[in-house]
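Student: take this sequence and fold it.
(2 chains)
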Amino acid sequence: MELALAILIIAAVAAFVAVPFRRGADGEATATVSTADPAMADLEARKQAKYREIRDAELDHAQGKLGEAEFARQNAELRAEAIEILRRIDELAGESAGDGAAERGGAGTAGD
Amino acid sequence: MNALGAAALGAALLTSIYALVAAVVGARSGDRRWVDSSRRAFYALMALLVLAVISLEAAFLRSDFSVRLVADHSSTTTPTLYKVTAMWGSQAGSLLLWAFVLSIAGSAALFATRHSHREVAPWATAVMAAIATFFVGMMMAGIVFPDAETYPFATFAAGMVPVEGAGLTPLLRHPAMAIHPPMLYSGYVFFTIPFAFAIGALITRRLDASWIRSTRRFALIAWVFLSIGLALGAFWSYAELGWGGYWAWDPVENAALMPWLVGTAFIHSIMVQERRGMLKMWNVSLIVATFALSLLGTFLVRSGVLQSIHAFGESKVGLPLLVLIATVLIGSTLLIISRADSLRSERRIDSLLSREAMFLLNNLLFVGLAVIVFWGTFFPLISEAFTGQESSLAAPWYNRYTTPVGIGLLLLAGVGPLVAWRRVSVSALRRMFALPLAAALAAGVLIVAIGGGGSEPLALALFVAGAFTLAAVGQELWRGTLARRALTGEGFPSSLGGLMSRNRRRYGGYIVHIGIALLLIGIAASSSFQTSRDVRLLPGESATVGDYTVTYVEPTSQAVGSEQKLVFGAVLDVRRDGEQVAVMRPSREYFSSRTADPTAPLRGFFEGEATSEVGRSGGVTRDLWTAMQPDLTSFEPIIEEGDEKFERFAAGIDFDDPAQVQLLANLQGEAILGLGQRYLDETPPADIRFNVNPFVIWVWIGGIVGTLGALFALWPGAESRRRRVGDVYATRLARELRRT
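Tutor: A predicted model of the protein is given here:
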């Protein structure tokens, strides 16, 4: 009984974990399209962290913890870093769009 | 159902091994199919362990004594709540709980990072799968080594199944104890997630703050669980153990405190890496230490290596756990050393008057505190190794060294929020510190004036530091709210709500600081200004304890057949200046020994386990606490005589005849009731401990406030709001970019 149940359960688990290997062409296409996701997710996380820093600096300034000169210096520095992150996000988004267009173009050529 | 659980556990072992292998293959080859497959295997592991836990719980609820674990830790008369929680009162059950919580936490982490950490996540999966394999493997090893008692689905051979179980250890029959172990274990286990991602980041040299951003929430969840577990354990100690305190520096208490201390340091120091790119090596070292200490916590409960009230957890799994701890420490240290070049800080601390400098100082104190506790905990082993004699360090030793560090940490909990990142000017410092310093000074003068503190300088220092921190955090909230009100024009309550919900991490953390300040003030007051007296009273007699007069009014007695429990208690009348302030009912509960000789039923009650039900009367400024223990010496001849009669009677009955067995049981019941009546008629003196604990309720309030603060910081709704705000900033930043 126990052995039969174990075999049944293992078969179900094997079928579940084997899905990525059975996806074939569709799976590969998905993998290609999502290649940029981790980098984008990382940049998005860094953007949010930088915004949090900017908000904190503003709050510290409003509460009197940061003098005008120090706040101006920190604020400019943080915003420059945020802008750099935004620029990289735009670049990455552009690359992904370019890759997508190239793939669509390639597919069109093949279809033609 | 048992077969299903056993099959699920067997399959779980194979699945965790597969997850480990597939993750390593995927990480090394870069083949996403293997990585995705390993992640799915981890999800499957969770499903299998859920199945195993449900199967075992079903066996407990059905009182299926064919399962050894159920027979050893439950009985038909065990209340349903304790049948459910009995699983983790056992060794095999607690191993299953460890693996079960790990599979849930790991699956949540892998699901949350499925679109990110392409390089780090496979290695993190491998680490988590390796740890899961260890725990599931230890359980399965119990099949081969039944003496180790690690296999939760072990059964009795047909015909050997007992008709009744042994029941749950009486000390554990308390609501706090029902929740305390899973809370502590969840705390330990959730620290596995940041540890696994740290190892992944080290292997792949992706040592920026991205692994921290993805696992910070799990570290906070671990901290919340561990905090709740510690608080529940302290409350249980206060309410159930008859010694009158909530913290005894017991090795197992210390074992849970150490990862909490180092984990708290980690939660602070990762903010420095997130913002300033500093303390990278320190952070990976801290999370390795936190995880190793979490394993050590499990080891200390389960190994029985140190003398402890938790000795019921003694077992044979200590050595494998020790090997795992050594592997984690040695492997992680070698990995950190090999990645030293990638762990250099991106920046240096600009000024010693900056928040990052305060965080560094706070970290040193937290780690220092953990080192003190570690030394004290393992001193018995150290002394035995060097002198051949085991000697332990008592509470005064711990208090001497931990109190000054605690004062320092409490001060920093106030200083940190007042100081800005990077640097702060002297004029800003003056502005920010004026009010909190004035509040601290006023508190000190007031306490000395009312005569509370002159004789206890350390307690006075704690009060002053607590007042400073409460004023500092209050000022932060006040100034922040005024700043927001000036910006938005909203009313004060809306501004305060908006301020806090927009900055959950910051203000959630500050609420935790308020909680810690209240908790430490409560500890200082209740431990330094406690009035305690042990008296021996007969009914009608009185004693004076501080300002209170305690009178033993009458004895109480109760026999609870369903729990095989005999209760002897006392009703105490407590008065102050002639006015009644409380009626308290402490008692002593005697549980019939599990191995009681049926022919000596009376002695069986007094040779089994006994627990105290303390009497408490709480208030905002003081807690009245009392425990009693009747002196049953005068009952000895009665018990002996009664059991002799039973022995003679039992010698003449046929134990195969149900009617005669029932007759014996009825007589035993009557004898026990008679003993209870005798207690009421010829009441022996009772040893009564009566404590007046000032401000002890603030220990619990502080714990609750701190936990709520951490939950506020964790609340997921904040993320979506933040994104919307982020879009506003993005537009603004983009506009400024176009202008320049």
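Student: select the helix or strand of chain A having the lowest average pLDDT value.
Tutor: Lowest by mean pLDDT, DSSP states H and E among the helices and strands of chain A is helix A:24-33, with a mean of 46.
Student: name the next helix or strand downstream of that one, please.
Tutor: helix A:37-62 (DSSP states H and E).
Student: mind listing what's buried in the strand or helix carrying B:S526?
Tutor: Per DSSP H and E, B:S526 falls inside helix B:504-528. The neighbour-count check on helix B:504-528 (16 or more other Cβ atoms under 10 Å in any protein chain shown) flags B:504-528 as buried. C-beta: built from backbone N, CA, C; applies to glycine.
Student: try stretch B:338-348
Tutor: B:R339, B:L343.
Student: not counting its own residues, what contacts that stretch?
Tutor: B:L202, B:R205, B:L207, B:R276, B:G277, B:M278, B:L279, B:K280, B:M281, B:V284, B:I336 (Cβ atoms under 8 Å, 6 or more residues apart in numbering or on different chains).
Student: chain neighbours aside, what residue packs nearest to the residue nearest the centre of chain A?
Tutor: Centroid-nearest residue in chain A, with Cα atoms, centre = their mean: A:A41, separated by 1.9 Å. Take A:A41 and drop its neighbours on the chain: the residue closest to it by Cβ to Cβ, 6 or more residues apart in numbering or on different chains is B:S116, 3.8 Å away.
Student: for that neighbour, which three-state class applies?
Tutor: Three-state assignment for B:S116 (DSSP: H, G, I helix; E, B strand; the rest coil): coil.
Student: how far away is it from B:R217?
Tutor: Distance, B:S116 to B:R217, using Cβ to Cβ, to the nearest Å: 14 Å.
Student: what distance do you get for B:R275 to A:E81?
Tutor: Taken as Cβ to Cβ, the span from B:R275 to A:E81 is 11 Å.
Student: rewinding a little: also within reach of chain A: list those from the buried residues of helix B:504-528.
Tutor: Residues of the buried residues of helix B:504-528 in contact with chain A (Cβ under 8 Å from any Cβ of the partner chain): B:R505, B:R506.
Student: name the residues of stretch B:23-36 that come out as buried.
Tutor: For stretch B:23-36, the neighbour count (16+ other Cβ under 10 Å) marks B:A23, B:V24, B:V25, B:G26, B:A27, B:D31, B:R32, B:R33, B:W34, B:V35, B:D36 as buried.
Student: ends of that stretch, how far apart?
Tutor: 8 Å (Cα to Cα, to the nearest Å).
Student: give me the residues contacting it.
Tutor: A:19-21, A:23, A:27, A:31, B:22, B:37-38, B:119, B:121-123, B:125-126, B:129, B:203.
Student: then stretch B:498-512?
Tutor: Contacts with stretch B:498-512, where a contact means Cβ under 8 Å, 6+ apart, come from A:52, A:55-56, A:59, B:417, B:473, B:476-477, B:480-481, B:483-484, B:488, B:490, B:705-706, B:708-715, B:718, B:721-722, B:725.
Student: flag the shaky bits of the stretch 251-400 of chain B, pLDDT-wise.
Tutor: B:302-315 (pLDDT under 70).
Student: correction: chain A
Tutor: A:24-38, A:96-112.
Student: helix or strand for B:F134, which one?
Tutor: Using DSSP H and E, B:F134 sits in helix B:120-144.
Student: likewise B:R689?
Tutor: Per DSSP H and E: B:R689 is located in strand B:686-694.
Student: ok, and what's touching that strand?
Tutor: By Cβ under 8 Å, 6+ apart, the residues outside strand B:686-694 that reach it are B:242, B:244, B:525-526, B:529-538, B:543, B:545-548, B:550, B:552, B:555, B:570, B:572, B:586, B:621-631.
Student: in three-state terms, label the residue nearest the centre of chain B for me.
Tutor: Centroid-nearest residue in chain B, with Cα atoms, centre = their mean: B:G229, separated by 2.5 Å. Secondary structure assignment for B:G229 (three-state DSSP): helix.
Student: quick check: buried residues in stretch A:82-92?
Tutor: Neighbour-count burial for stretch A:82-92, counted by 16+ other Cβ under 10 Å, picks out A:A82, A:I83, A:I85, A:L86, A:R88, A:I89.
Student: my read is that the third one contacts A:Q48, right?
Tutor: Same thing as A:I85. No - A:I85 is beyond contact range of A:Q48, at 9.7 Å (criterion: Cβ atoms under 8 Å).
Student: low pLDDT regions in chain B?
Tutor: Ranges of chain B meeting pLDDT under 70: B:302-315, B:452-454, B:593-599, B:716-740.
Student: what segments of it are strands?
Tutor: In chain B, strands defined by DSSP state E lie at B:531-537, B:542-545, B:548-560, B:565-576, B:579-584, B:587-591, B:610-613, B:615-617, B:622-630, B:686-694, listed in chain order.
Student: returning to what we had before: now distance to chain B and secondary structure too, for the buried residues of stretch A:82-92, in JSON lines please.
Tutor: Listed next are the buried residues of stretch A:82-92 as JSON lines, based on distance: Cβ to the nearest Cβ, whole Å; DSSP: H, G, I helix; E, B strand; the rest coil:
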{"residue": "A:A82", "distance to chain B": "6", "secondary structure": "helix"}
{"residue": "A:I83", "distance to chain B": "5", "secondary structure": "helix"}
{"residue": "A:I85", "distance to chain B": "9", "secondary structure": "helix"}
{"residue": "A:L86", "distance to chain B": "6", "secondary structure": "helix"}
{"residue": "A:R88", "distance to chain B": "13", "secondary structure": "helix"}
{"residue": "A:I89", "distance to chain B": "9", "secondary structure": "helix"}
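Student: and those, which is closest to B:E579?
Tutor: Proximity of the buried residues of stretch A:82-92 to B:E579 (Cβ to Cβ) peaks at A:A82, which lies at 66.1 Å.
Student: give me the nearest residue to that closest one, chain neighbours excluded.
Tutor: A:A82's closest residue in space is A:K50 (Cβ to Cβ, 6+ apart), at 4.5 Å.
Student: list the contacts for B:V424?
Tutor: Contact partners of B:V424, counting by Cβ under 8 Å, 6+ apart, are A:K65, A:L66, A:E70, B:S351, B:L353, B:S354, B:M432.
Student: ok, and the closest non-adjacent residue to the first one?
Tutor: Nearest in space to A:K65, with sequence neighbours left out and distances taken as Cβ to Cβ, 6+ apart, is B:A420 at 4.2 Å.
Student: test my guess that that neighbour contacts B:S354.
Tutor: Yes - between B:A420 and B:S354 there is a contact at 7.1 Å, judged by Cβ under 8 Å.
Student: neighbour count winner among these two?
Tutor: When B:A420 and B:S354 are compared on other Cβ atoms under 10 Å in any protein chain shown, the one with more neighbours turns out to be B:A420, at 28 against 19.
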